[in-house]
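Colleague: Have a look; sequence and predicted model below, questions after that.
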Amino acid sequence: MKRRPGSQRHTGWCARDHRCNLGEHRSDEILVDLPGHARAVLVRVRASDGREHAEIRVRVALADVDPAARRQLGTLLAGLRDLVIRAAAIRQPRPGRTAA
């Protein structure tokens, strides 16, 4: 039986435990915690097809009143969009340019 590219070996950053399953390899969680305000969890993943990606979960405390909570959500989405675009641009530099 031929093995899938991502299932062959643990990586140097792999947690090497129950988080690795179905041919995936997953890192330990990296936490950014601002008690009472926000928490982010980042995990590096090598999928069963060999491609790598980051999984990010973010929890942000919202205001108690709807107009302010909506503004917070808008700010969060705009910032997340910008972050994803910047991170994706680093992955594959344009011809003639080097990655940052």
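Modeller: Structure's in. What do you need? Numbering: from 1, shown residues only.

Colleague: residues near the closest residue to residue 68 other than its chain neighbours, how many?
Modeller: Leaving aside its chain neighbours, residue 68 sits nearest to residue 62 (7.9 Å; criterion: C-beta to C-beta, 6 or more residues apart in numbering). Just so you know, the C-beta spots here come from the backbone N, C-alpha and C atoms, and that holds for glycine as well. Using other C-beta atoms under 10 Å, residue 62 has 14 neighbouring residues.

Colleague: so residue 62 touches residue 69, yeah?
Modeller: Yes - between residue 62 and residue 69 a contact is recorded at 4.1 Å, counting by C-beta atoms under 8 Å.

Colleague: Am I right that the residue nearest to residue 68 is in a helix?
Modeller: No - assessed with DSSP: H, G, I helix; E, B strand; the rest coil, residue 62 is coil; it does not lie in a helix.

Colleague: Check which strands are paired with the one helix or strand in the chain whose mean pLDDT sits lowest and give the direction for each one.
Modeller: Within the chain, no helix or strand scores below strand 25-26, which has a mean of 89 by mean pLDDT, DSSP states H and E. Strand 25-26 pairs in its sheet with strand 38-46 (antiparallel), by DSSP bridges.
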